[in-house]
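Trainee: no sequence on hand, only this structure:
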C-alpha cells in the first residue's frame, strides 16, 4: 500500500500540472466568444478549479467525515483569499484592489452571504431542514444561482477592458474554441481523479498524526485542492489578466459554498452543517472577516503599500496565519 504522504504529494502535483492548462484555455474561450475575462474568471474557471474541492468533499461525505469535508471548503476559501496577497507580491506595482474593477465587490458580497448562512446553520439558530437537507444550504444554492445571473448581467453592461490583452496573447496560437474546451475538460478529468486519491490520503494522515480532520481538511487538504486556483491565478497575472485573476479567487470561494449544498444532498445522516464540530465556526468567521478586508480595499482604492503589498492584502495574509495557528491549537476534531 502506497504511503499516504507520497500519495498526497503525487496527487497534488497532478492537480498543479492540470491546473496550469485551465487558465490559457479559458483565455482562448474569452477571446473567441467575447464574453469577458471577469465573467470567465468568476464562473467558468471555478467550475474546473473547484473540482478538487467538489470531489474531495463528496469523498469525505462518503466516508462519513463531515469535519474533513467542511474543513476543506472553508480552508480553501481562506487560502484562496491569501492568493490576492500573492498577486500583490508578484506584481509589485501597488495595491491590487486599486487597479481592478469594482465589480468584484458583487461576487465578494455574495460569498459573505453564503458563508453567513453556513455559519447560522452550524450555530443551530434555525435548526430547520427540508428532508435530509438543511434549510440554510438551500438558501446558499439559491444565492449562488441568483448571484451567477447577476454577475453575467453586470458583465454584459461593461466594456471588456482586458479583452484586447486576451486577443493579443492568444491569437498567436490560433486555437479554436472547441479545441480549447476539449483541453479544458481533459485537464478537469485529471483533477477529478487526483482529488479522490487526495482525500483518502488526507483521511489517513489525519488519523495517523492525530492532528484531526478539521485541521487537516482546513490546511493540508484545502491548500492542495486549491492548487488549481493558485496556478490559474498566477498564470492570469503573468499574462496581464488581473481582473480574471481576482475574479477566479472570489468565484472559487462562491463555488465552494455551493459545493456545501451538493455535499448536503449526498450526506445520509441529516443536514451536513448540523453534524460538524464547532471548530469550523472559526474558519467561517475568518472567511467573512478576510473577505470584508478585500471589499474595503476595492471600495477605498488606496494607492499606499506596505512591504510591496496593499494594506488590505497584508491584513488578509496575517489573518490566514492567525487562522492556521488557531486551528492547530484547537486540533483533534
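Mentor: Great, that's in hand. Not measured: the values here are computed from a predicted model.
Trainee: show me the shaky parts of the stretch 151-300 of the chain.
Mentor: For the stretch 151-300 of the chain, the stretches flagged by pLDDT under 70 are 152, 155-175, 213.
Trainee: quick one: the helices in it, in order.
Mentor: 163-170, 177-209, 213-216, 222-225, 227-238, 242-266, 279-300 (DSSP state H, counting those that start in this stretch).
Trainee: next one: the stretch 1-150 of the chain
Mentor: 4-33, 37-39, 45-49, 51-62, 66-91, 104-123, 135-157.
Trainee: if we ignore the residues flanking it in sequence, what's nearest residue 236?
Mentor: Leaving aside its chain neighbours, residue 236 sits nearest to residue 245 (3.9 Å; criterion: Cβ to Cβ, 6 or more residues apart in numbering). Glycine gets a C-beta too; all of them are placed from N, C-alpha and C.
Trainee: next, count neighbours for that neighbour.
Mentor: Neighbour count of residue 245, defined by other Cβ atoms under 10 Å: 30.
Trainee: so who does it touch?
Mentor: 41, 87, 233, 234, 236, 237 (Cβ atoms under 8 Å, 6 or more residues apart in numbering).
Trainee: got the contact list for the second one?
Mentor: This points to residue 87. Contacts of residue 87 (Cβ under 8 Å, 6+ apart): 96, 233, 234, 237, 242, 245, 246, 313.
Trainee: try 6 Å
Mentor: By Cβ atoms under 6 Å, 6 or more residues apart in numbering, the contact set of residue 87 is 96, 237, 245.
Trainee: what separates the last one from residue 208, distance-wise?
Mentor: Think residue 245. 37 Å (Cβ to Cβ, to the nearest Å).
Trainee: run through the residues that contact residue 261.
Mentor: Taking Cβ under 6 Å, 6+ apart, one finds 137, 140, 141 in contact with residue 261.
Trainee: which residues are in contact with residue 190?
Mentor: Contacts of residue 190 (Cβ under 6 Å, 6+ apart): 14, 18.
Trainee: how about the one 10 residues further on?
Mentor: Residue 200 makes no contacts at all, as judged by Cβ under 6 Å, 6+ apart.
Trainee: from residue 70, how far out is it?
Mentor: Distance from residue 200 to residue 70, by Cβ to Cβ: 18 Å.
Trainee: count of neighbours near the nearest residue to residue 306 once chain neighbours are set aside?
Mentor: Nearest non-adjacent residue to residue 306, counting by Cβ to Cβ, 6+ apart: residue 314, 5.5 Å away. Residues within reach of residue 314, counting by other Cβ under 10 Å, total 18.
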